[in-house]
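Engineer: Fold the stuff below for me.
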Amino acid sequence: MARTPSKDARAKLLRATAEILVEEGIDAVSIEAVARRSGVAKTTLYRHFGGIDGLVFAAAAASVSKTDGPDTGSLIGDLREIQRHYLYIASSGINRAVFAWMLTRAMRSPEAAALFRRERIQPRGPTVVALQRAVARGELPPTTNIELAMHVIQGPLISKRIVDNSDLTDDEFDTLLEMTFRALVGVTAERDDRREQP
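Structural biologist: Numbering: from 1, shown residues only. A predicted model of the protein is given here:
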């Protein structure tokens with residue numbers, strides 16, 4: 001099915017934003033620069049994204065949604081592959097700068113905070129899908145809070161790689177992964193046990 005002109009314009013704007021981010025960094029992204037590179041009118045940009053915040057967050061979300069989630073047969077196997085991919089993404093100074101920019105925007109504006117949350121916790125994102133599969137396999141109980149589980153998974157890597165700006169050794173990566181997995185499995189199972197007690 002052919003894309004509509006509106007979808008084509010949106011795709012051009014997202015592609016232009018991604019190109020500017022890669023080539024010049026977050027500080028070079030502006031309404032004028034994106035409109036010029038994409039060939040799409042600024043009024044169309046505002047109609048689709050509302051402004052620069054919505055545009056950058058949408059570009060970041062698009063890059064996540066393109067990531068195919070692995071299906072290794074186990075939650076810890078899936079998380080290992082997903083987290084290694086995100087570590088690779090975070091090895092780029094440009095990507096870390098974009099994340100810091102989004103975090104700063106989110107702290108200043110409720111609207112940007114909502115955009116940031118949608119970018120990090122996507123219904124069909126690879127980590128959410130991995131958690132849902134783990135529930136279906138019985139590795140996690142049906143009562144698992146997927147959103148809170150996402151925070152448990154993302155937090156250690158964000159703290160170490162983005163906040164501390166530190167590389168992870170293989171041993172550190174494996175340790176963080178094991179701690180995260182145990183937290184997810186242990187806490188959710190313990191809470192379910194408490195609920196079942198008379």
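Engineer: alpha carbons only for contacts and neighbour counts from here, please
Structural biologist: Will do.
Engineer: nearest residue to the residue nearest to the spatial centre of the chain other than its sequence neighbours?
Structural biologist: The residue lying closest to the centre of the chain (CA atoms, centre = their mean) is R120, at 3.5 Å. With sequence-adjacent residues excluded and distances taken as CA to CA, 6 or more residues apart in numbering, R120 is closest to A61, at 7.5 Å.
Engineer: what's in contact with the helix or strand hosting that neighbour?
Structural biologist: Under the criterion DSSP states H and E, the helix or strand holding A61 is helix 52-65. For helix 52-65, the surrounding residues in contact (CA atoms under 8 Å, 6 or more residues apart in numbering) are 14-15, 17-18, 29-31, 49, 102, 105, 112, 115-116, 118-120, 122, 124-126.
Engineer: List only those of these flagged as buried.
Structural biologist: 14-15, 17-18, 29-31, 49, 102, 105, 112, 115-116, 119-120, 122, 125-126 (16 or more other CA atoms under 10 Å).
Engineer: so what are the domain limits for this protein?
Structural biologist: 1-66, 68-193 (automatic domain parsing).
Engineer: and those domains as JSON lines, adding mean pLDDT?
Structural biologist: Shown next, in JSON lines, are the domains of the chain (pLDDT from 0 to 100):
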{"stretch": "domain 1-66", "mean pLDDT": "89"}
{"stretch": "domain 68-193", "mean pLDDT": "88"}
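Engineer: any idea where the helices of this protein begin and end?
Structural biologist: Along the chain, the stretches classed as helices by DSSP state H are 5-24, 31-38, 42-49, 52-65, 75-90, 93-108, 110-120, 126-137, 146-157, 170-196.
Engineer: for the first one, packing partners?
Structural biologist: Read that as helix 5-24. Judged by 3 or more CA pairs under 8 Å, 6 or more residues apart in numbering; DSSP states H and E, the packing partners of helix 5-24 are helix 31-38, helix 42-49, helix 52-65.
Engineer: With distance to D170 as new columns, can those be given to me in TSV?
Structural biologist: Listed next are the helices and strands packed on helix 5-24 as TSV, based on distance: least, CA to CA, whole Å:
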stretch	distance to D170
helix 31-38	39
helix 42-49	39
helix 52-65	24
